[in-house]
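**Student:** Generate a structure from the sequence data that follows.
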Amino acid sequence: MAHVEHVLSVVAVSNIETSRAWYTRLFGREPDNNPMPSLIEWQVTPNGWVQVTEDPERAGHSLLNLAVSDLDEGVRELHELGVTTGEITEANKGVRLCPITDPDNNQVTLVGNFRVKY
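**Tutor:** All right, here's what the predicted structure looks like:
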């Protein structure tokens, strides 16, 4: 296989405008790209993108994990932006998780203390 240069995570939603507003709050900024009416994109790392696409048949079944540098600070910032989060839980080996549900019930999980190797 050719060398992978970018990773694109896709979240299916029922209404692109409703989701645009919600994910704009989640990421704290407008999308980086809007390549077509049914697709918006945020570049979240140098080679990692989150694509939000209008696909009502698949909406509500996506999972998106976002490893953050400071989970407590991230949750505090999201609350200030009006994003409701679940309770932070301890997972394993120091990893902490905070669930969030988007308007379509897609599961977004903030991951604290993520490491490449455990």
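**Student:** Strands of this protein, start to end?
**Tutor:** Shown for the chain, the strands assigned by DSSP state E span residues 7-13, 33-36, 39-45, 48-54, 63-68, 89-90, 96-101, 107-112.
**Student:** mind checking which of those is nearest residue 25?
**Tutor:** Across those, residue 25 has its closest neighbour in strand 96-101 (10.6 Å, C-beta to C-beta). The C-beta positions use only the backbone N, C-alpha and C, and glycine is treated the same way.
**Student:** and that closest one, which strands flank it?
**Tutor:** Strand 96-101 has the following sheet partners, assigned by DSSP bridges: strand 89-90 (antiparallel), strand 107-112 (antiparallel).
**Student:** coming back round to it: same list (the strands of the chain) but as a markdown table, adding distance to residue 74.
**Tutor:** Supplementary listing: the strands of the chain in a markdown table, determined by distance: least, C-beta to C-beta, whole Å:
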| stretch | distance to residue 74 |
| --- | --- |
| strand 7-13 | 17 |
| strand 33-36 | 23 |
| strand 39-45 | 12 |
| strand 48-54 | 15 |
| strand 63-68 | 4 |
| strand 89-90 | 15 |
| strand 96-101 | 8 |
| strand 107-112 | 6 |
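**Student:** quick one: contacts of stretch 94-106?
**Tutor:** 11-15, 18-19, 22-23, 26, 59-64, 71, 74-75, 78, 83-91, 107-115 (C-beta atoms under 8 Å, 6 or more residues apart in numbering).
**Student:** Could you rerun that using 7 Å?
**Tutor:** Under the criterion C-beta atoms under 7 Å, 6 or more residues apart in numbering, residues 11, 13-14, 18-19, 22, 59-60, 62, 64, 71, 75, 83, 85-86, 88-91, 107-114 lie in contact with stretch 94-106.
**Student:** Give me the buried subset of the residues you listed.
**Tutor:** Among the contacts of stretch 94-106, those that count as buried by neighbour count (16 or more other C-beta atoms under 10 Å) are 11, 13-14, 19, 22, 59-60, 62, 64, 71, 75, 83, 85, 107-114.
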